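Visitor: The sequence and its predicted three-dimensional model are supplied below.
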Amino acid sequence: MTSREMMHRSESAVSIELQTPDMTLNIGPQHPSTHGVLRLVAKVDGERIREVEPVIGYMHRGYEKLAEVRTYAQITALVNRIDWVSGFASEVPFILGVEKLMGVEAPERAQWIRLILSELARISSHLVFISSYPLELGATTPLMHSLREREYILELIEEVTGGRFHPNFNRVGGVKSAYGGGSTTKKQSMDLPAGFFKRTSEAMDRMDKICDDIDTLVTGNELIKMRTVGVGIIPPDKALEFGLSGPNLRASGVAYDLRKSDSYLTYDQVEFDVVSRPGGDCYDRYLVRLHEVRESVKIIRQAIDMIPSGPLQAKVPRVLKAPKGHVYSRAENPKGEFGYYIVSEGGKMPYRLKIRSTSFSNLTILPWILKGQLIPDLVAIMGSLDFVLGDVDR
Amino acid sequence: MTDTPEAAVDASETTELEMTAAETYAASLTERLGATGYSEEFDTVRVFVERDAWVETIVAASEELPFFSWLSAIDWSKTTEVGEGVDEPETLEERFEVICRLSSVENADGAIFVATVPKDDASIGSLTPHFGGAEWHEREAHEMFDIAFEGNKNLVPLYLPDDFIGHPLLKSYPLIAREVKPWPGDVDVEPMPDVASDSQDAEGSDT
């Protein structure tokens, strides 16, 4: 018997005496714990949730339709707006898919730059989680610490790409010549800004420090543990059935990481561990993300040592036309598997672009996981799934 | 990422009998499931399934590919109100394709299952009894393409408002914003150069 079932059983003994009429409670769409505009219609019996119906679509922008009237180069600007907390990471699978279709491969240096920026995006996304999750549980201090450190990461991303949230930095066959880097003369190659690697190393030292700080502030915190250990347990079979991926899946004991299994970009050349935890509860989901920050720091340090010099852009035709074909391209976004299914009919624009956004699939488990939980646990469970509404609504 | 499309084409041209790893995998998976056919391009494996065998095949495939990744559909249409149409509209068979991807959680294996659904009878079995995660995907496909998923009891709109008329991802559905106001990018830019013109230099790119 799982602890969840035990909880149900002990509860049913109590509820015989304390029956109250079911009440419908609207949570959101404007609620701090919903990270945007998510509405939950919950049927509650006292503090106990009988069933919950998430209502989404308040921010549906129709990217799949819009992509049908945009060229491949223009779509890059759209896709980093899907999950804005890690904009760069959602560009990567799209551009890899287009490159696969067109038979172009980005030069090695560009691949390494993509890897470094993806990992910076991962750290920044996880720091948002690490700051906001304790806040949702009532601890305000970690927010200040980790959001301050995230600023250093965003500054690095801005330094290279020109944008803090929406880099729009990937090009078919490479990356954009960096903003503010090198010479402005067109004939000379523009590269990463001078001193970028030094500043990145310094920032990585800070990340190590903040992980230690968060460890002392949150990880061992008795109150946080009481709110999260054993709460919202997702068994591995349910996680797979609902399509949970990324840290949410790895916290349920399934050590599945696309960086290892697909080894896209240059992830096969760096050493890192896939963080997984067996428990499947909110606390494990938090721990997986915290440890992934340390792993990302490890990856970036290696990448700085290993990155070769060379061009940033492969030769591509002036007009980008993809041959007829189907390609599914995916990558490990900070939140999990992020994929694009591109159907090309040989034109400048895709015939159909299916976006497999991570948070959407991660959120499909909400009605199942919240059934029978207490209202105070709702915030703890929902927060632990780490979703972004732009990623849910697309 | 292992082989570029050129490499794949070259391999099939030079040694016709030798298949790429992805192709071998696609063939054996198709045989194991008793599906009607497969295709493999750009490392993307598609397995074609009869509409009536949709649910059984996917449930059987989930034994080895337990991760339910996503479900959606494609509208294959001769005419289109948006974007570029199909390459050869004369020979195209108008239909929907319902697509669902499952993948392994140990390696990069995975397959997209494809069932053809006629437009005049757009319905297919629902995966919700077997995959809890399918419900939202089916609701989305239902509102976007008007495909019925028999057995999904909750096919209410997911993204769209309740009183929304139309099915936006159909090719016959115009993009209203473009109808009202033409794309500003079309107005005052120089015409697109010929495809045949030279490749651009490495540093001259702004596309």
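Guide: Thanks, I have the structure now.
Visitor: Stretch A:217-232 and chain B, are they touching?
Guide: No. Using Cβ under 8 Å from any Cβ of the partner chain, stretch A:217-232 stays clear of chain B, coming no nearer than 15.5 Å. For glycine as for every other residue, the C-beta is placed from the backbone atoms N, C-alpha and C.
Visitor: ranges for the strands of chain B?
Guide: Applying DSSP state E to chain B gives strands spanning B:37-41, B:44-49, B:67-76, B:95-103, B:110-117, B:123-125, B:148-150.
Visitor: just so I know, which of these lies nearest A:R109?
Guide: Closest approach to A:R109 among the strands of chain B (Cβ to Cβ): strand B:44-49, 27.3 Å.
Visitor: Kindly export the closest one (C-alpha atoms) in PDB.
Guide: Taking Å, rounded to 0.1, in the frame of the first residue of the first chain, the C-alpha atoms of strand B:44-49 are listed here in PDB:
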ATOM      1  CA  THR B  44      12.400  10.000 -37.400                       C
ATOM      2  CA  VAL B  45      10.600   6.700 -37.300                       C
ATOM      3  CA  ARG B  46       7.000   6.700 -38.400                       C
ATOM      4  CA  VAL B  47       4.900   3.500 -38.000                       C
ATOM      5  CA  PHE B  48       1.600   3.400 -40.000                       C
ATOM      6  CA  VAL B  49      -1.300   1.900 -38.200                       C
END
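Visitor: Export the strands of chain B as JSON lines, with columns for mean neighbour count and mean pLDDT.
Guide: Output for the strands of chain B, formatted as JSON lines (neighbours: other Cβ atoms under 10 Å in any protein chain shown; pLDDT from 0 to 100):
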{"stretch": "strand B:37-41", "mean neighbour count": "18", "mean pLDDT": "83"}
{"stretch": "strand B:44-49", "mean neighbour count": "22", "mean pLDDT": "88"}
{"stretch": "strand B:67-76", "mean neighbour count": "24", "mean pLDDT": "92"}
{"stretch": "strand B:95-103", "mean neighbour count": "23", "mean pLDDT": "92"}
{"stretch": "strand B:110-117", "mean neighbour count": "23", "mean pLDDT": "91"}
{"stretch": "strand B:123-125", "mean neighbour count": "19", "mean pLDDT": "90"}
{"stretch": "strand B:148-150", "mean neighbour count": "17", "mean pLDDT": "90"}
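Visitor: how about the ones you listed in a markdown table, adding distance to chain A?
Guide: As requested, the strands of chain B are exported to a markdown table (distance: least, Cβ to the nearest Cβ, whole Å):
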| stretch | distance to chain A |
| --- | --- |
| strand B:37-41 | 5 |
| strand B:44-49 | 5 |
| strand B:67-76 | 5 |
| strand B:95-103 | 7 |
| strand B:110-117 | 6 |
| strand B:123-125 | 17 |
| strand B:148-150 | 15 |
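Visitor: residue boundaries of the strands in chain A?
Guide: Counting by DSSP E, the strands of chain A are A:23-27, A:30-31, A:36-37, A:39-45, A:48-55, A:170-171, A:174-175, A:325-333, A:336-344, A:352-356.
Visitor: which residues of chain A score low on pLDDT?
Guide: Counting by pLDDT under 70, chain A shows low-confidence ranges at A:1-19, A:32-34, A:177-190.
Visitor: Mind splitting it into its structural domains?
Guide: Here the domain parsing of chain A from automatic domain parsing is A:3-55, A:105-320+A:372-393.
Visitor: follow-up on the earlier one: is it possible to get JSON lines of the strands of chain B that adds distance to B:E84?
Guide: Listed next are the strands of chain B as JSON lines, based on distance: least, Cβ to Cβ, whole Å:
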{"stretch": "strand B:37-41", "distance to B:E84": "19"}
{"stretch": "strand B:44-49", "distance to B:E84": "21"}
{"stretch": "strand B:67-76", "distance to B:E84": "14"}
{"stretch": "strand B:95-103", "distance to B:E84": "18"}
{"stretch": "strand B:110-117", "distance to B:E84": "22"}
{"stretch": "strand B:123-125", "distance to B:E84": "27"}
{"stretch": "strand B:148-150", "distance to B:E84": "29"}
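Visitor: ok so, going back, of the strands of chain A, which approaches A:N362 most closely?
Guide: strand A:336-344 (6.3 Å).
Visitor: Now do the contacts for B:A115.
Guide: B:F48, B:V49, B:E50, B:R51, B:W54, B:E97, B:V98, B:I124 (Cβ atoms under 8 Å, 6 or more residues apart in numbering or on different chains).
Visitor: for A:Y283, same thing?
Guide: So A:Y283 contacts A:I224, A:K225, A:T228, A:V229, A:G230, A:V231 (Cβ under 8 Å, 6+ apart).
Visitor: From chain B, how far out is the last one?
Guide: Look at A:V231 and chain B: by Cβ to the nearest Cβ, to the nearest Å, they are 20 Å apart.
Visitor: what's the answer for A:G325, then?
Guide: 5 Å.
Visitor: And for that residue, the neighbour number?
Guide: 18 (other Cβ atoms under 10 Å in any protein chain shown).
Visitor: Also the one 4 residues further on?
Guide: For A:S329, the neighbour count with other Cβ under 10 Å is 26.
Visitor: among the contacts of A:Y283, who's most crowded?
Guide: For the contacts of A:Y283, neighbours tallied by other Cβ under 10 Å; top is A:T228, 26 neighbours.
Visitor: For chain B, which residues score under the pLDDT cut-off?
Guide: If you take pLDDT under 70 as the line, chain B has these spans: B:1-18, B:183-207.
Visitor: any chance you could map the helices in it?
Guide: B:5-14, B:21-33, B:54-61, B:134-145, B:176-180 (DSSP state H).
Visitor: Packed most tightly, which of the ones you listed would that be?
Guide: For the helices of chain B, the largest average neighbour count (mean count of other Cβ atoms under 10 Å in any protein chain shown) is found in helix B:134-145, namely a mean of 24.
Visitor: All the helices of the stretch 251-394 of chain A, in order from the start?
Guide: For the stretch 251-394 of chain A, the helices defined by DSSP state H, counting those that start in this stretch occupy A:258-261, A:282-306, A:358-363, A:366-370, A:375-384, A:389-393.
Visitor: Among those, which comes closest to B:E41?
Guide: Among the helices of the stretch 251-394 of chain A, helix A:258-261 sits nearest to B:E41 (Cβ to Cβ), with 20.3 Å.
Visitor: helices and strands around the closest one, which ones?
Guide: strand A:325-333 (3 or more Cβ pairs under 8 Å, 6 or more residues apart in numbering or on different chains; DSSP states H and E).
Visitor: Mind checking the helices of the stretch 251-394 of chain A for the one nearest to A:P193?
Guide: Going by Cβ to Cβ, the one of those nearest A:P193 is helix A:282-306, 14.0 Å.
Visitor: Looking at the domains of chain A, which is nearest to A:G346?
Guide: domain A:105-320+A:372-393 (12.0 Å).
Visitor: Buried deepest among the helices of the stretch 251-394 of chain A, which one?
Guide: helix A:358-363 comes out most buried of those by mean count of other Cβ under 10 Å, with a mean of 27.
Visitor: Tell me if that helix is near chain B.
Guide: Yes. For helix A:358-363, a contact with chain B is found by Cβ under 8 Å from any Cβ, at A:F360, A:S361, A:L363.
Visitor: quick one: which of those is nearest A:R259?
Guide: Nearest member of the residues of helix A:358-363 next to chain B to A:R259, counting by Cβ to Cβ, is A:S361, at 18.3 Å.
Visitor: start to end distance for stretch A:314-322?
Guide: End-to-end distance for stretch A:314-322: 16 Å, by Cα to Cα, to the nearest Å.
Visitor: May I see the buried residues of it?
Guide: A:A314, A:V316, A:P317, A:R318, A:V319, A:L320, A:A322 (16 or more other Cβ atoms under 10 Å in any protein chain shown).
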